[in-house]
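In: From the sequence below, what's the structure:
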Amino acid sequence: MNERVPQPRQSGRHRRGAAIARVDFRAWDPAERAAAEQLDRIEPAWTVWYGTGTRHFHAVAVWPAPEPLIVRARTADELRALMREAEDITPPSRGEAMPETPDAPHPTDGPRTVCWDLPHDLPIVGKARAMVSETLAAWALHHLVDDVALVAGELLANAIVHGEPVVRLSLRADADEFQVQVTDRGPGQPRHLTLDPESLHGRGLAIVRALAHDHGVNPLPDRPGKTVWARWHLSVGDR
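Out: You can find the predicted model right below:
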């Protein structure tokens, strides 16, 4: 009987339907990342990062716009120029650097919501977790910050790795519960995996199940895709 010989796993950049392209770190990648971090600090209306896998600088606008504003460039200077061009076409609202993110707790007589359409790129996950933490702190839900940020990061990573763009992150809080949702256009469904103790990947839904009070998946009604959500109940003290 012929036995199947396992092939060594290849590392690198891969998009569905495309050949694997190996990505090696370059000596100047840390400098490019530092330039992106500096640009991110001085551009409050944009989220900026450098993708080692894409070899590009990326920026996504964080103010409300008719369509997501995402620019990409080879250099930081080119990216800055594209950001200015985008601002001329769709200027940000005065004094608004984060879409619908409140500066103080809102009254609890109605739901509070915020959502972001995010680039289909894994480096955005860290930025998104920071945005989630800032939002919960502003909504005075400090006790949920760590758990929700971790769950949001796991759901986003799954959507980016296994799903299809556009990826949308949504937060909602009302008098009784808080919910985080991640929507993508991929046809596949998330699955709980049976893993051995030494497995390094595939624990995303297990983490969600452990930290949230409830979670689930809703298919999109009119197109391929799904919304994966996690929910926390709020007590009287939370409200």
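In: rest of the way, CA atoms for contacts and neighbours
Out: OK.
In: among the helices and strands of this structure, which has the poorest mean pLDDT?
Out: Across the helices and strands of the chain, mean pLDDT, DSSP states H and E gives its lowest value to helix 29-42, namely a mean of 81.
In: what about Arg168, how many neighbours?
Out: Arg168 has 19 neighbours, counted by other CA atoms under 10 Å.
In: I'd like the next helix or strand past the least confident helix or strand of the chain.
Out: The helix or strand immediately downstream of helix 29-42 is strand 46-51, counting by DSSP states H and E.
In: The next helix or strand after that next one: partners in the sheet, and parallel or antiparallel?
Out: The first helix or strand that comes after strand 46-51 along the chain, using DSSP H and E, is strand 56-61. Within its sheet, and counting by DSSP bridges, strand 56-61 is paired with strand 46-51 (antiparallel), strand 70-73 (antiparallel).
In: Out of the ones you listed, flag the one nearest Ile207.
Out: strand 46-51 (26.1 Å; CA to CA).
In: and the angle from that closest one to helix 29-42?
Out: 180 degrees (axes from the mean of the first three to the mean of the last three CA atoms, to 10 degrees).
In: Now do the same contact list for Leu144.
Out: By CA atoms under 8 Å, 6 or more residues apart in numbering, the contact list for Leu144 reads Leu136.
In: Could I get the phi/psi values of it?
Out: When quoted as degrees, to the nearest 10, the phi and psi of Leu144 stand at phi -100, psi -10.
In: Do you know the pLDDT at it?
Out: According to the predicted model, the pLDDT of Leu144 comes to 94.
In: And it, how far from Arg33?
Out: Relative to Arg33, Leu144 is positioned 30 Å away (CA to CA, to the nearest Å).
In: what about the helices in this protein?
Out: 29-42, 76-89, 124-138, 145-162, 204-211 (DSSP state H).
In: Sketch out the low-pLDDT regions of the protein for me.
Out: Across the chain, residues meeting the criterion (pLDDT under 70) sit at 1-28, 65, 92-110, 190-204, 236-239.
In: 50 instead?
Out: For the chain, applying pLDDT under 50 flags the ranges 1, 5-6, 8-14, 94-108, 193-202.
In: quick one: which of the strands paired with strand 56-61 is nearest Gly225?
Out: When the strands paired with strand 56-61 are compared by CA to CA, strand 70-73 sits nearest Gly225, at 21.7 Å.
In: ok so, going back, deepest in the core, which of the helices of the chain is it.
Out: helix 145-162 (a mean of 21; mean count of other CA atoms under 10 Å).
In: Distance to Thr113 for the helices of the chain - can I get that in TSV?
Out: Shown next, in TSV, are the helices of the chain (distance: least, CA to CA, whole Å):
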stretch	distance to Thr113
helix 29-42	25
helix 76-89	25
helix 124-138	10
helix 145-162	15
helix 204-211	21
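In: picking up where we left off before, contacts for the least confident helix or strand of the chain?
Out: Trp46, Thr47, Val48, Trp49, Tyr50, Thr52, Phe57, Ala76.
In: what's the most distant pair in those?
Out: Trp46 and Thr52 (19.2 Å).
In: Look at Thr90 and say how many residues are nearby.
Out: The number of residues near Thr90, taken as other CA under 10 Å, comes to 15.
In: just to revisit the earlier point, which one of the strands paired with strand 56-61 lies nearest to Ala210?
Out: Closest to Ala210 of the strands paired with strand 56-61 is strand 46-51 (CA to CA; 30.2 Å).
In: With just CA atoms, put the closest one into PDB.
Out: Presented in PDB, the C-alpha positions along strand 46-51 are these (Å, rounded to 0.1, in the frame of the first residue of the first chain):
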ATOM      1  CA  TRP A  46      -6.200  58.100   9.800                       C
ATOM      2  CA  THR A  47      -5.000  54.700  11.000                       C
ATOM      3  CA  VAL A  48      -1.600  54.000   9.400                       C
ATOM      4  CA  TRP A  49       0.500  50.800   9.300                       C
ATOM      5  CA  TYR A  50       3.200  49.100   7.300                       C
ATOM      6  CA  GLY A  51       2.500  45.600   6.000                       C
END
